[in-house]
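> Here is my input; please provide its structure:
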Amino acid sequence: MQSNHTHNVTGPIAPLERFAGRRWREGRRGKVQSSQGQPTAGLVLPGGGARGAYQAGALQAICEIVGGEDNPFPVIMGASVGAINAVALAAQAQTFRTGVSRIVDLWSRLTTDQVYRTDFSTIMRSGAQWIASLTPASSFGISRPNAIFDNAPLADLLRKHIDLSGIDKAIKSGALRSVGVTASSYDRARAITFFQGVDGLEQWARVRRDGVAVKLSIDHILASAALPLIFPARRIGNEYFGDGSLRLTSPLSPAIHCGADRIIVIGVRDAKPQEANSGTLSYPGLGTLSGYLLDMIFMDNLDADIERARRVDHTLSLLSQADRNATQLRDVDVLMVQPSRDVREIAREHAHEMPWTIRMMLKRLGVWGRDWRLPSYLLFEPGYCGALLRLGYDDTMARREEIEKFLGVLQAPQRESWRRKPRVRVPASFSGQNQPVRCGLRTSASGPKQRANCDGRADIPLK
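From the prediction side, this is the model:
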């Protein structure tokens, strides 16, 4: 049976489910708590293609805000590009600042050809196959294309940069409770969250969304990031999976099931409503429609769910405390970090960085120079990603006091409550005598803006 919840809302949120883990219980105020009564922080990273660089910048700021090596998020969940960031972070959960530094370093150096093939022969072959598949020539044995782009380079990149054995080590050390990625089953039309965590976490089944305990692999990440039509589906077992955002109607649900009751969500779309077009009206082409589709898949569920949550909150405020207690509702605090600028404008400023073969394709699709939504998801280049890194960092640091308050009660006491065998000393707090570790962007008086690595190594200029 699906349960209801109250929410303390800061930014967009989604419907939540009741966690049924054996090591956890309902607290007196209705929060899911550990056996020692401490709340648990979760991190939720939705999809967004190249916009995932924004999440890396935000994580860099959080690293500076909390200080130290301890992971402030025992529960980490992601979908699509958020799955890549989530697993990369979880694999380094024993050394949080080092993990963040590596993620930022990867995004600051990323190029499009490391994600999908951009060479002329591959692009022309793919285009020819798509055209032939729509003509009578397809009856002469011409193979049908699986996707527009070949993302084989992404698989190589993930295998090179993510050591999945670190997840088990982090769980055993107590630095991580669970990590999960969501993919959409094309065969069963369900969102499947593949999660790896401590003993006692139970699998779940809801309407068209399940949670399955597994040992995470690169295939799970690639399945979660397989954008429909753009990247090929990934086979896991006897099923084909695509982007996790397709069927993930409750983006916070996996984190709640795995024990989180205080969640930070790092979105990739600004909250400003788009104004109506006052210029020349033109019919939306295939490229424009594709951009709208991705925008809807990645973020619309979060925006729609906050409206529902607010209606529920208003209804609950009309009930007496006795009636509310009878409903078995509990609070889940959510803080949303999202861009302060329209990411499409940033994509326009860096559009010249796009490989010429992709620019040519987007021009033929009618999207180049009009709406920059689709390019903003496909532009994996250092200049664009660097701009998003800085924006994510600045937006998050602008809310430093709010984030400190949000995570402040979840420091050492929380980690001790779920740590199996503490192996390192956890400071009583990250302030006072414990000086925070600087890991963020700084401006040198004699040079360009630089990124100070969270692990204290040499600075790397951001282009």
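> Give me the buried positions along stretch 396-405.
Residues of stretch 396-405 classed as buried by neighbour count (16 or more other CB atoms under 10 Å): 396-397, 399, 403. C-beta here means a position set from N, CA and C on the backbone, and glycine is covered the same way.
> Narrow these to those in helices?
The members of the buried residues of stretch 396-405 that map onto helices under DSSP state H are 396-397, 403.
> Alpha carbons only: can I get stretch 236-248 in PDB?
Provided in PDB are the C-alpha atoms of stretch 236-248 (Å, rounded to 0.1, in the frame of the first residue of the first chain):
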ATOM      1  CA  ILE A 236      20.900  -6.400 -18.500                       C
ATOM      2  CA  GLY A 237      19.900 -10.000 -18.000                       C
ATOM      3  CA  ASN A 238      17.000 -10.600 -20.400                       C
ATOM      4  CA  GLU A 239      15.800  -7.000 -20.700                       C
ATOM      5  CA  TYR A 240      16.800  -3.800 -22.500                       C
ATOM      6  CA  PHE A 241      17.000  -0.700 -20.400                       C
ATOM      7  CA  GLY A 242      17.000   3.000 -21.300                       C
ATOM      8  CA  ASP A 243      17.400   6.300 -19.500                       C
ATOM      9  CA  GLY A 244      16.300   6.100 -15.900                       C
ATOM     10  CA  SER A 245      14.400   9.500 -16.100                       C
ATOM     11  CA  LEU A 246      11.900   8.000 -18.600                       C
ATOM     12  CA  ARG A 247       9.800   6.200 -16.000                       C
ATOM     13  CA  LEU A 248      11.100   7.700 -12.700                       C
END
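> Go through that stretch and flag the buried ones.
Of the residues in stretch 236-248, 236, 239-248 count as buried by neighbour count, 16+ other CB under 10 Å.
> what's the pLDDT at G48?
Looking at G48, its pLDDT reads 86.
> sorry, back to before: would you report which members of the buried residues of stretch 236-248 are assigned to strands?
Assigned to strands by DSSP state E, the following of those qualify: 236, 239-242.
> could I get those residues as CSV with pLDDT and distance to D323?
CSV is the format used below for these (pLDDT from 0 to 100; distance: CB to CB, whole Å):
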residue, pLDDT, distance to D323
I236, 94, 45
E239, 94, 44
Y240, 94, 47
F241, 94, 42
G242, 91, 43
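> Format those as JSON lines; extra columns: distance to K169.
Converted to JSON lines, these look like this (distance: CB to CB, whole Å):
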{"residue": "I236", "distance to K169": "24"}
{"residue": "E239", "distance to K169": "29"}
{"residue": "Y240", "distance to K169": "31"}
{"residue": "F241", "distance to K169": "27"}
{"residue": "G242", "distance to K169": "30"}
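> Among these, find me the one that's closest to C385.
Of all those, C385 sits closest to G242, with 23.9 Å by CB to CB.
> Of the ones in helices among the buried residues of stretch 396-405, which is the nearest to S184?
T396 (29.0 Å).
> how many other residues sit next to L319?
Residues lying near L319 (other CB atoms under 10 Å) number 13.
> Equivalent analysis for Q55, please.
Q55 has 31 nearby residues by other CB under 10 Å.
> picking that back up, turn the buried residues of stretch 236-248 into JSON lines, columns for distance to G408.
As requested, these are arranged in JSON lines below (distance: CB to CB, whole Å):
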{"residue": "I236", "distance to G408": "39"}
{"residue": "E239", "distance to G408": "43"}
{"residue": "Y240", "distance to G408": "44"}
{"residue": "F241", "distance to G408": "38"}
{"residue": "G242", "distance to G408": "39"}
{"residue": "D243", "distance to G408": "35"}
{"residue": "G244", "distance to G408": "31"}
{"residue": "S245", "distance to G408": "31"}
{"residue": "L246", "distance to G408": "36"}
{"residue": "R247", "distance to G408": "35"}
{"residue": "L248", "distance to G408": "30"}
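> Looking at those, spot the one nearest L227.
D243 (5.1 Å).
> For the stretch 251-400 of the chain, which segments are assigned as strands?
262-266, 331-337 (DSSP state E, counting those that start in this stretch).
> Looking at the buried residues of stretch 236-248, which one is closest to M361?
D243 (20.1 Å).
> From what I see, that closest one and A226 are in contact.
Yes - the criterion here is CB atoms under 8 Å, and D243 meets it with A226 at 5.5 Å.
> intersection of neighbour lists for the two?
Counting by CB atoms under 8 Å, 6 or more residues apart in numbering, the residues touching both D243 and A226 are A183.
> got any ranges where the stretch 1-150 of the chain has weak pLDDT?
Along the stretch 1-150 of the chain, the model assigns pLDDT under 70 to residues 1-38, 127-143.
> Would you map the strands across it?
Going by DSSP E, counting those that start in this stretch, the stretch 1-150 of the chain shows strands at 6-10, 25-26, 32-33, 41-45, 75-79.
> Tell me the helices and strands packed up against the last one.
The reference is to strand 75-79. strand 41-45, helix 81-90, strand 178-185, helix 253-257 (3 or more CB pairs under 8 Å, 6 or more residues apart in numbering; DSSP states H and E).
> what would the ones in helices among the buried residues of stretch 396-405 look like in a markdown table with distance to K172 and pLDDT?
What follows is these, written out as a markdown table (distance: CB to CB, whole Å; pLDDT from 0 to 100):
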| residue | distance to K172 | pLDDT |
| --- | --- | --- |
| T396 | 30 | 96 |
| M397 | 33 | 95 |
| I403 | 29 | 93 |
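> Nearest to Y186 among those?
Comparing those against Y186 with CB to CB places T396 closest, at 35.3 Å.
> now that closest one, nearest residue through space, not along the chain?
Using CB to CB, 6 or more residues apart in numbering and skipping the chain neighbours, the partner closest in space to T396 is A61 (3.5 Å).
> likewise E381?
E353 (3.9 Å).
> Quick check, that neighbour in contact with L379.
Yes - the pair E353 and L379 passes the contact test of CB under 8 Å, sitting 6.7 Å apart.
> ok, the two, which is more surrounded?
Remark: of E353 and L379, L379 carries more neighbours, 26 against 17, as counted by other CB under 10 Å.
> which residues does that one contact?
Per CB under 8 Å, 6+ apart, neighbours of L379: 50, 112, 347, 350-351, 353-354.
> which residue packs closest to it, ignoring adjacent ones?
In this structure, L379 finds its nearest non-sequential neighbour in A50, 5.0 Å apart by CB to CB, 6+ apart.
> Could you report the neighbour count for that neighbour?
Applying other CB under 10 Å, we find 25 residues neighbouring A50.
> May I have the residues that are in contact with it?
81, 376-380, 384-385, 388.
> what does A255 give?
42-44, 75, 77, 263.
> how about a cut-off of 7 Å?
42, 44, 75, 77, 263 (CB atoms under 7 Å, 6 or more residues apart in numbering).
> Who is the fourth one paired with across the strands?
The bridge-partner assignment for M77, based on DSSP bridges, gives V44, G180.
> Next, find the distance separating the nearest residue to V179 once chain neighbours are set aside from S376.
Nearest-residue entry for V179: A90, 3.7 Å, with adjacent residues in sequence omitted and distances by CB to CB, 6+ apart. Using CB to CB, to the nearest Å, we find A90 at a distance of 27 Å from S376.
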